[in-house]
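**Q** Next comes the sequence, and after it the predicted model I'd like to discuss.
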Amino acid sequence: MLSAEAVSLSFAGRSVLREVSLTVTPGEVLGLSGPSGAGKSTLARVLSGTLAPDAGRVLWQGSALPRHHPGPVAHVPQSPELAVDPRWTVGRILANAAPPDPEVLAALAIRPAWAERHPAELSGGELARVSLARFFLPTTRVLICDEITAQLDALAAQALWQALTPLARHRGMALIVISHDAALRRALCSRQITLDPRPVAA
Ligand SMILES: Nc1ncnc2c1ncn2[C@@H]1O[C@H](COP(=O)(O)OP(=O)(O)OP(=O)(O)O)[C@@H](O)[C@H]1O
């Protein structure tokens, strides 16, 4: 189980997260919403251990979040094109943290032929799937999906979620779905929290 206890964070004296508390249990799909700038991506970075809070703590199975990489909590970023090295091939990107998992590659319809291509040689939907596969590792127990289908058309978005959610459920992986799309959150999530106007504990 992942939990955040009264997590607070400021950037240059400006408070972004104010005593945010939440829990995520294995296999759960939790929705996270709030207006632009509310701190959703910042919270994702804190939960995945890439950003340390000023106050409060993040616990994994009741202990401090492990510092090793890859850890149990992965944050799939909002803009995959900004999060990958454009000089790397898709094959290298996919193999960077762990050997690619054939089941994940097949479920996300990632073609072997893409291995020699660079990120700029994929469509937005293809790159979104590669970005997802990159964080969908055997060690991942909580996958934070940060607006991962916001740039896709409705059909491509639906295909991605239809591939991702059964795979995560099958592996007992929890998902945190960050999205401005209320219908999507309703369809996917068993529980939701909102970072507006004040953090709501779950
Ligand atoms: N490294 C940083 N340094 C300074 N300010 C930052 C930094 N990262 C984020 N912020 C600020 O923190 C606030 C929250 O940003 P964040 O990206 O978490 O919002 P968000 O809720 O995910 O927004 P959106 O829905 O637009 O993606 C914003 O005002 C942003 O400018």
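**A** Happy to help now that I have it.
**Q** Could I get the contacting residues of Leu43?
**A** Each residue near Leu43 by CB atoms under 8 Å, 6 or more residues apart in numbering is listed here: 4, 7, 17, 20, 32, 195. C-beta: built from backbone N, CA, C; applies to glycine.
**Q** Surely Leu51 touches Arg45?
**A** Yes. Counting by CB atoms under 8 Å, Arg45 is a contact partner of Leu51 at 3.9 Å.
**Q** Which residue of those two possesses the greater neighbour count?
**A** Regarding Leu51 and Arg45, a neighbour count based on other CB atoms under 10 Å identifies Arg45 as having more, with 19 against 16.
**Q** Read off the pLDDT value for the more buried one.
**A** With respect to pLDDT, Arg45 scores 96.
**Q** cool, and Arg198?
**A** The model's pLDDT for Arg198 equals 53.
**Q** tell me the helices in this structure, going along the chain?
**A** Using DSSP state H, the helices of the chain run over residues 40-47, 80-83, 90-95, 102-107, 124-135, 154-170, 182-188.
**Q** what does the chain put close to the ligand?
**A** The chain comes close to the ligand at residues 11, 16, 34, 36-42, as judged by CB under 6 Å from any ligand atom.
**Q** what separates stretch 55-64 from the chain centre, distance-wise?
**A** Computed by CA atoms, centre = their mean, to the nearest Å, the chain-centroid distance of stretch 55-64 equals 18 Å.
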